[in-house]
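1. Structure for this input, please:
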Amino acid sequence: MTDESASHRRILLVTGLSGAGKSTALRTFEDMGWETVDNLPLSLFENFLEAPSFEPGNNERSLAVGIDSRTRGFDAGAIVDRLKEFAKNHDFQIETLFLDCGGTVLEQRFSETRRRHPLALDRPATHGIALERELMLPLRRWAAHVIDTTDSSANDLQQELRARFGSGGTEDTTVTVASFGFARGILRNADLVFDMRFLRNPHWDADLRPKTGLEEDVAAFIARDEAYEDAVTRIEELLLLLMPRYLAEGKAYVTIAFGCTGGRHRSVHVAERIAERLRGAGFSPTVAHRDLAFPSLDSVERAPGKRK
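-> Reported below is the predicted structural model:
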């Protein structure tokens, strides 16, 4: 059985930077039961969507159409204008998914695969990446869904797509509460980010250093910080105010991220507490700890001294 439901048919334009994961995304949608088309010439795009099978209420599968800078007749600004016009004249919407990625990681991906950038066949990949980012800017701004794959593996991207689009509907909100370490980069796809580095750091306690925020003695150490209860309670109150509003607006996913220096102690504990509070309020958050598996090192923490 596929993830797709015919009663919640969607049309999704899949685009983004070369090397950011479009091919992986289209394969994932195909595995989910969607119909997929890649690099459809733009001159045929509207004719394709105006076929009788796309009338509202039919039972056809959802459709993901891949386009990028290699597509014949590509003009990002013109595509956005045509999508706006199309939406005015039809009873269904075309959503846009934009796959973004940091330039350094894109360079590394092209180097590892020994592929040439499609916009820089006889130049360094950096040239093509910069040119394509500029060309794609109108679509990046227009997109309803943006996923940054800088810190993501192909499997991470597949899981993200299934979480966002797997049900085929838009009435449910997928909530993720995550922890991360600022030393290894911010969690790029987070909607809300809270910095927990103001709390006392268990890393500088020799007994607690090898443990994580999942353990009771680490949690107790963090909770003894005089600012802890007031700060976390206010964050809980803010989230309980915002979450019903996100649902009312039809937001399909919300990622709430908590960061500390290494991503093993403070952020982990607070993420777990917040997730439990949201469950008590009727939500069903998924908890993800991005950096929990990394070792706890002084060189990562980079603190001037112990804080007890």
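
2. where exactly do the helices run in the stretch 201-308 of the chain?
-> 216-223, 228-248, 266-280, 298-301 (DSSP state H, counting those that start in this stretch).

3. Against which helices or strands is the third one packed?
-> In this structure, helix 266-280 packs against strand 174-181, helix 216-223, helix 228-248, strand 253-260, strand 286-289, with contacts taken as 3 or more C-beta pairs under 8 Å, 6 or more residues apart in numbering; DSSP states H and E. (Glycine included, C-beta is placed from N, CA and C.)

4. Quick one: those as TSV, columns for mean pLDDT too.
-> Formatted as TSV, those follow (pLDDT from 0 to 100):
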stretch	mean pLDDT
strand 174-181	91
helix 216-223	96
helix 228-248	94
strand 253-260	93
strand 286-289	90
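
5. got these as TSV, with distance to Asp195 columns?
-> Formatted as TSV, the helices and strands packed on helix 266-280 follow (distance: least, C-beta to C-beta, whole Å):
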stretch	distance to Asp195
strand 174-181	11
helix 216-223	14
helix 228-248	11
strand 253-260	6
strand 286-289	16
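
6. Make TSV out of those and add mean neighbour count.
-> Listed next are those as TSV, based on neighbours: other C-beta atoms under 10 Å:
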stretch	mean neighbour count
strand 174-181	25
helix 216-223	17
helix 228-248	14
strand 253-260	24
strand 286-289	17
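
7. Among those, single out whichever gets nearest to Gly16.
-> strand 253-260 (17.5 Å; C-beta to C-beta).

8. Listing partners with orientation, what would you give for that closest one?
-> Pairing partners of strand 253-260, with direction, according to DSSP bridges: strand 174-181 (parallel), strand 192-195 (parallel).

9. so the first one versus helix 266-280, what angle?
-> Our comparison of strand 174-181 with helix 266-280, counting by axes from the mean of the first three to the mean of the last three C-alpha atoms, to 10 degrees, yields an angle of 160 degrees.

10. Mind exporting the C-alpha coordinates of strand 174-181 to CSV?
-> The C-alpha coordinates for strand 174-181 follow below in CSV (Å, rounded to 0.1, in the frame of the first residue of the first chain):
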residue,chain,number,x,y,z
THR,A,174,3.3,17.2,11.8
VAL,A,175,5.2,18.5,14.8
THR,A,176,8.9,17.8,15.4
VAL,A,177,10.8,18.8,18.5
ALA,A,178,14.5,18.6,17.9
SER,A,179,17.8,19.2,19.7
PHE,A,180,21.1,20.2,18.1
GLY,A,181,24.5,21.6,18.9
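
11. Let me have the strands paired with strand 253-260 in TSV, extended by distance to Leu137.
-> Listed next are the strands paired with strand 253-260 as TSV, based on distance: least, C-beta to C-beta, whole Å:
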stretch	distance to Leu137
strand 174-181	27
strand 192-195	24
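
12. now for the ones you listed, which one comes closest to Ala281?
-> strand 174-181 (10.6 Å).

13. quick check: angle from the closest one to helix 228-248?
-> 140 degrees.

14. residues in contact with strand 174-181?
-> Identification of contacts with strand 174-181 by C-beta atoms under 8 Å, 6 or more residues apart in numbering yields 163-164, 186-187, 190, 213, 243, 252-264, 267-268, 270-271, 274-275, 278, 283-292, 294, 300.

15. hang on, Arg209 packs against Glu215?
-> No: Arg209 is beyond contact range of Glu215, at 11.7 Å (criterion: C-beta atoms under 8 Å).

16. between these two, who's got more neighbours?
-> Arg209 (19 against 16; other C-beta atoms under 10 Å).

17. about what we covered before: any chance of a markdown table for the helices of the stretch 201-308 of the chain, columns distance to Ala125?
-> Output for the helices of the stretch 201-308 of the chain, formatted as a markdown table (distance: least, C-beta to C-beta, whole Å):
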| stretch | distance to Ala125 |
| --- | --- |
| helix 216-223 | 43 |
| helix 228-248 | 38 |
| helix 266-280 | 34 |
| helix 298-301 | 30 |
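
18. Mind checking those for the one nearest to Leu121?
-> helix 298-301 (40.2 Å).

19. any chance you could map the strands in this structure?
-> With DSSP state E as the criterion, the chain has strands at 11-16, 35-38, 63-66, 95-100, 145-148, 174-181, 192-195, 253-260, 286-289.

20. Now do the first one against strand 95-100, angle only.
-> Orientation note: strand 11-16 sits at an angle of 20 degrees relative to strand 95-100 (the same axes, to 10 degrees).

21. Strand 11-16 pairs with which strands, parallel or anti?
-> Short version: by DSSP bridges, strand 11-16 pairs with strand 63-66 (parallel), strand 95-100 (parallel).

22. Now it: buried residues?
-> Neighbour-count burial for strand 11-16, with 16 or more other C-beta atoms under 10 Å as criterion, is recorded at 11-16.
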